[in-house]
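**Student:** coordinates only, sequence not included:
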C-alpha cells in the first residue's frame, strides 16, 4: 500500500494525470499524504502548477484544508504557500459552481 501511495503522490507531483486517475479508479484515497512533510497530492500538484491534476483531485473530493506540521509549513511558507492556497481556493470555488 505504501508503494501505491508513493507512486500516486509522485504522479500528482509530476502532473501525470492518467496515473493519478488510475490510482483513484482502484480506490486509492485522494487525501493520502507523504511521510515527513505530510504533503497531499493536491498540495504537490498545485505547487507544481498542474491544473488538470488539481481539478481531478478536487472533483474526487480532495480536501483543501488538510493540516500540515509546523515544520512543513515553515519550510515552504516563504516560497509557495500563498500561491498554493489561492490556487486551491480558486479551483475549489470553480468546482462548487
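**Tutor:** In hand now; what should we look at? Please read these numbers as outputs of a predicted model, since none were measured by experiment.
**Student:** which helix or strand in the protein has the lowest average pLDDT?
**Tutor:** helix 70-76 (a mean of 46; mean pLDDT, DSSP states H and E).
**Student:** in stretch 18-27, what's buried?
**Tutor:** 19-20, 23-24 (16 or more other CB atoms under 10 Å). No exception for glycine: its C-beta is placed from N, CA and C like everyone else's.
**Student:** using TSV, lay out the residues you listed together with secondary structure.
**Tutor:** Compiled in TSV, these are given as follows (DSSP: H, G, I helix; E, B strand; the rest coil):
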residue	secondary structure
19	helix
20	helix
23	helix
24	helix
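**Student:** from these, which is closest to residue 54?
**Tutor:** Nearest to residue 54 among these: residue 20, at 10.1 Å, using CB to CB.
**Student:** now do the contacts for that closest one.
**Tutor:** 8, 11-12, 41, 45, 53, 56-57 (CB atoms under 8 Å, 6 or more residues apart in numbering).
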